[in-house]
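Enquirer: A structural model of the following input is requested.
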Amino acid sequence: ECIVRNVPSGLGSPVFDKLEGELAKACMSLPAAKGFEIGSGFDGTLLTGKEHNDEFYVDENGRTRTKTNRSGGVQGGISN
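Expert: Okay, the predicted model is just below:
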């Protein structure tokens, strides 16, 4: 398990070089790796799309946040 904190917003690309694709490529290059999860991972397959979405809101400091972190901080291939 790996937890990364304070990742800057905007890493990755929505089409090529998606952040989760680059992370998966690095992890799956390890011979013993058989799967790669980010956010809710494989458990997310048990949810509907509406349940799995991370809803945005603006906090008391004016920052855009998400109420959940099922996407693991990556949406559309870009860190948020």
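
Enquirer: Which residue of this structure lies farthest from its centroid?
Expert: Largest separation from the mean C-alpha position in the chain: E60, at 23.9 Å (Cα atoms, centre = their mean).

Enquirer: Please report phi then psi for that residue.
Expert: phi -60, psi -20 (degrees, to the nearest 10).

Enquirer: can you pull the pLDDT of it?
Expert: Reported pLDDT at E60 in the predicted model: 96.

Enquirer: after the least confident helix or strand in the chain by mean pLDDT, next one along is what?
Expert: Within the chain, no helix or strand scores below strand 74-75, which has a mean of 85 by mean pLDDT, DSSP states H and E. Scanning forward in sequence from strand 74-75 by DSSP states H and E, the next helix or strand is strand 78-79.

Enquirer: Contacts for that following strand next, please.
Expert: V7, P8, S9, G10, L11, G12, S13, P14, K18, L19, G73 (Cβ atoms under 8 Å, 6 or more residues apart in numbering). Placement of C-beta: from N, CA and C, glycine included.

Enquirer: The second one is in what secondary structure piece?
Expert: Going back to what we said before, that points to P8. Assigned by DSSP H and E, P8 falls within no helix or strand.

Enquirer: so R65, which of the three states?
Expert: strand (DSSP: H, G, I helix; E, B strand; the rest coil).

Enquirer: Could you tell me how many residues sit around it?
Expert: The tally of other residues near R65 (other Cβ atoms under 10 Å) stands at 13.

Enquirer: Same question for S13.
Expert: Number of residues near S13 (other Cβ under 10 Å) recorded here: 14.
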